[in-house]
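Participant: Need a 3D model of the following:
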Amino acid sequence: MDLVTALARARSPEKPGPEAPAGSAVRRWPGSPRSLPEAGPGELDLRGLLHLSLAASDDAGRLRPTPSAGALHPVDAQLVVGARCPLPPGRYGYDPLRHHVHRLGPEPDGTPPGATVELSVTARRTVSHYGHRAWPLILLDTGHAAAALWLAARAIGTTVTSGAGTGGLRRDGLAEEPLAALHFAPPEGARRVAPAEAAHRAAADAPTPRELLARRSAGPPLRGTPPRESLRAVLAAAVEASAGELAWCAAVGEPQPELVESAPDGTLRRLAAGDARPTLAAWAAGQAWIADAGAVLLGYGCPTDAEAPRIRRAHLRAGFAVGLAHVAAGRQGLAGRPVGSWQQADLGAALGAPPGRDWIVHGLALGTTHSEEGTS
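Facilitator: Numbering: from 1, shown residues only. Below is the predicted model of the structure:
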């Protein structure tokens, strides 16, 4: 698959063709399913980690904690399990609908203690609905899945760390398979972190398990301009999470429509005056409700001449950043809905910079109120 060509076509005004069958909602792993055992003393809590990140909340799979374009969930997860886990060492495929695993084979030589979750995709699920616009969405979904795992680890007091050959959190875009991977270390000492202790550790800045299970993409319309301090916190979360790969700003509505960005001192400063939301609505696959959103967080970069590794990296980090920003928004009492499909969205050119350098990669619509309909 030529990702450079795929992205150029996805950014064009060409409309997708008719829908096609999406196929199985989850990957059909070989072998018999196994339940995820409860972790014992000193073992990594794989069951809790996956329950808070990738497991479905209903039989249709629509209510997984991680957002997905069209609720199609193209991301598949394999586990590389080492010592000090409730499962015997080996490689496993994860079934998020049944919260089971299937043993696929032995673990690679040199597998460190704990477990690595490798994220790959079944592109057909997203292509079935979005056609040629699918690949940016698939990469963003993978970034969201990585964010869900990272947040779940923090909620249960587990460390995302470097292990031999794993690189801890890997979202560099260098590999097509898997697209991303996260290594989770077993707890320090000889005991598992108790849920109450994990919640206490998370109280300051990490999410709680209840918070993660309750998060949803709010249904439009999302109205009401967020307070500036809340918007500052959401922007800061996105900037930190994308690790310098993208620039971030927010289009704000009434009473003073403008584009704002984070200043070096942590405050908000004006990037441009005027109301960008109607233009964003046109660029975001014609989603008219965006024109009335309270604010729209935007991650932009990934120039026209970017090669495939940079395209993957930009979209993986954008999905990861919006995943974390979405949770930050919830903590500020804001409703949020990720917006991943963008056409002709050359924000840099619109602001007077050279064209083709600063395309919108991902967005998060925000509001103080929202509709309960369409929440997913």
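
Participant: quick one, phi/psi of residue 147?
Facilitator: Residue 147 adopts backbone torsions of phi -60, psi -40, taken as degrees, to the nearest 10.

Participant: Please name the residues that touch it.
Facilitator: 66, 241, 319-324 (Cβ atoms under 8 Å, 6 or more residues apart in numbering). For glycine as for every other residue, the C-beta is placed from the backbone atoms N, C-alpha and C.

Participant: of those residues, closest to residue 283?
Facilitator: residue 322 (16.4 Å; Cβ to Cβ).

Participant: and the next element down the chain from the lowest-mean-pLDDT helix or strand in the chain?
Facilitator: In the chain, no helix or strand scores lower on mean pLDDT, DSSP states H and E than helix 195-202, which sits at a mean of 40. Where DSSP states H and E defines the elements, the next helix or strand beyond helix 195-202 is helix 209-214.

Participant: Send over that following helix as CSV, restricted to the C-alpha atoms.
Facilitator: The C-alpha trace of helix 209-214 is given here as CSV (Å, rounded to 0.1, in the frame of the first residue of the first chain):
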residue,chain,number,x,y,z
PRO,A,209,-10.7,3.1,36.2
ARG,A,210,-14.2,4.5,36.6
GLU,A,211,-13.2,7.6,34.6
LEU,A,212,-11.8,5.5,31.7
LEU,A,213,-14.8,3.2,31.5
ALA,A,214,-17.2,6.2,31.5
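
Participant: Pull the residues that contact that helix.
Facilitator: 48, 52-53, 57, 65, 148, 151-152, 155-156, 195, 198-199, 327, 330-331.

Participant: And the pLDDT at residue 172?
Facilitator: Note on residue 172: pLDDT of 88.

Participant: let me fix that: residue 23
Facilitator: Listed pLDDT for residue 23 reads 94.

Participant: Need the buried ones from the contacts of helix 209-214 selected in PyMOL.
Facilitator: Restricted to buried positions by 16 or more other Cβ atoms under 10 Å, the PyMOL selection for the contacts of helix 209-214 reads:
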select buried, resi 48+52+53+65+148+151+152+155+156+198+199+327+330
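
Participant: what stretches of the protein score poorly on pLDDT?
Facilitator: The model of the chain has pLDDT under 70 over residues 59-63, 162-167, 189-204, 372-376.

Participant: Report the central residue of it.
Facilitator: When the chain is reduced to its mean C-alpha position, the closest residue under Cα atoms, centre = their mean turns out to be residue 144, at 1.2 Å.

Participant: ok, it touching residue 322?
Facilitator: Yes: contact criterion Cβ atoms under 8 Å: residue 144 and residue 322 qualify, at 7.1 Å.

Participant: where's residue 319 relative to residue 30, distance?
Facilitator: In this view, residue 319 and residue 30 are 29 Å apart by Cβ to Cβ, to the nearest Å.

Participant: Please identify which of these two sits among more neighbours.
Facilitator: Each of residue 319 and residue 30 has its neighbours counted (other Cβ atoms under 10 Å); residue 319 has more, 34 against 9.

Participant: Phi first, then psi, for that one.
Facilitator: phi -60, psi -40.

Participant: Residue 148 is in contact with that one, correct?
Facilitator: No: counting by Cβ under 8 Å, residue 319 does not reach residue 148; the two are 10.1 Å apart.

Participant: circling back to that earlier point, any idea which of the contacts of helix 209-214 is closest to residue 102?
Facilitator: Of the contacts of helix 209-214, the one sitting nearest to residue 102 (Cβ to Cβ) turns out to be residue 53, at 18.3 Å.

Participant: Between the two ends of stretch 342-359, how far is it?
Facilitator: Distance between the boundary residues of stretch 342-359 (Cα to Cα, to the nearest Å) amounts to 9 Å.

Participant: Tell me which residues are up against that stretch.
Facilitator: By Cβ under 8 Å, 6+ apart, stretch 342-359 touches 10-13, 133, 136, 247, 259, 271-272, 276, 279-280, 283-285, 298, 300-305, 360-361, 363.

Participant: go with 6 Å
Facilitator: With contacts defined as Cβ atoms under 6 Å, 6 or more residues apart in numbering, stretch 342-359 is touched by 11, 13, 272, 283-284, 300-304, 360.

Participant: Now do the closest residue to residue 4 other than its chain neighbours against residue 229, distance only.
Facilitator: Using Cβ to Cβ, 6 or more residues apart in numbering and skipping the chain neighbours, the partner closest in space to residue 4 is residue 308 (6.1 Å). With distances taken as Cβ to Cβ, residue 308 is found 39 Å from residue 229.

Participant: Great, nothing more from me.
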